[in-house]
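Trainee: Have a look at this fold, sequence not included:
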């Protein structure tokens, strides 16, 4: 009888060992995911947000207060075009977006309705767009490392790159994950450019015309703790910078010193989102403080701040 009972402790021991091994794997996987998504940094920022006074919150964008009001609206007939960026035009009160896979520029209402589609002839992979004003837009071609400044008016139906000034953005550390983000900073009279991976910021001086001054300059920052950099925007009211990361499912707010102020996670269940934004590639903000995003393949989002 004792011979029959001897294997039982051994079986229990082997079971416990397997269970412990699986537990270690789960913990290691969870830690790796948390590290990759910078959840430790988000946790620190979340704690710091709790100590911000109401006055300090009012002086910033304050992303925790935003809730989605248009959630994953489909941009018609664009499911194969890959929405890549978004920019607000204060003069027309409309939005401009670029499609990266099949290059064209699209003008949208603030509700995400399509007004017109303009083919981008000569572009290879337009990934970034920003409105400078007076009908001027800057477009970044990630694959060819070129920045073009185009003129768009009410009669524009097609744009040819050879008709506009072009600027070489130079090589990137990862040529396949190069300059993707761009936004106009009117306060400092400069373009703010972003490399996708590893995330990095650059400035290039301009007077808001089709002429850039000097060369671009890299901004040294240790606040870009994100997996990639998809898009940039400047809040016209505070001058703060919004940094979008598709891989991290995250929108960061940086102040004028480049320090993190607040953040918004783009996962389902947060900020009113029913589902996770699949791949957020564009962000912009209007002069009333409303926030807009586009996601691949053809999804449109609008967020409003809850008073």
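Mentor: That came through fine. Quantities reported herein were computed from a predicted structural model and do not represent experimental measurements.

Trainee: Return the residues in contact with the closest residue in space to residue 83 that isn't next to it in sequence.
Mentor: Using CB to CB, 6 or more residues apart in numbering and skipping residues adjacent in sequence, the residue nearest residue 83 is residue 294, 4.0 Å away. For the C-beta atoms, the positions are set from N, CA and C on the backbone; glycine is no exception. Residue 294 sits next to 75, 83, 84, 85, 86, 97, 280, 281, 282, 300, 301 when contact means CB atoms under 8 Å, 6 or more residues apart in numbering.

Trainee: and those residues as CSV, adding neighbour count, distance to residue 250 and pLDDT?
Mentor: As requested, the contacts of residue 294 are exported to CSV (neighbours: other CB atoms under 10 Å; distance: CB to CB, whole Å; pLDDT from 0 to 100):
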residue, neighbour count, distance to residue 250, pLDDT
75, 22, 23, 96
83, 26, 18, 95
84, 26, 18, 94
85, 30, 17, 97
86, 28, 17, 98
97, 28, 21, 98
280, 26, 9, 97
281, 28, 13, 97
282, 30, 14, 98
300, 25, 19, 98
301, 24, 14, 98
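
Trainee: sorry, back to before: mind checking the SS state of the residue nearest to residue 83?
Mentor: What DSSP: H, G, I helix; E, B strand; the rest coil gives for residue 294 is strand.

Trainee: now residue 287
Mentor: Under three-state DSSP, the three-state class of residue 287 is coil.

Trainee: List the residues that contact it.
Mentor: Per CB under 8 Å, 6+ apart, neighbours of residue 287: 88, 90, 236, 237.

Trainee: could you redo the last one with a cut-off of 10 Å?
Mentor: Residue 287 makes contacts with 88, 90, 93, 235, 236, 237, as judged by CB atoms under 10 Å, 6 or more residues apart in numbering.

Trainee: pLDDT weak spots in this structure?
Mentor: 1-53, 174-176 (pLDDT under 70).

Trainee: any idea how it splits into domains?
Mentor: Per the record, the chain has its domains at 2-36, 63-305, by automatic domain parsing.
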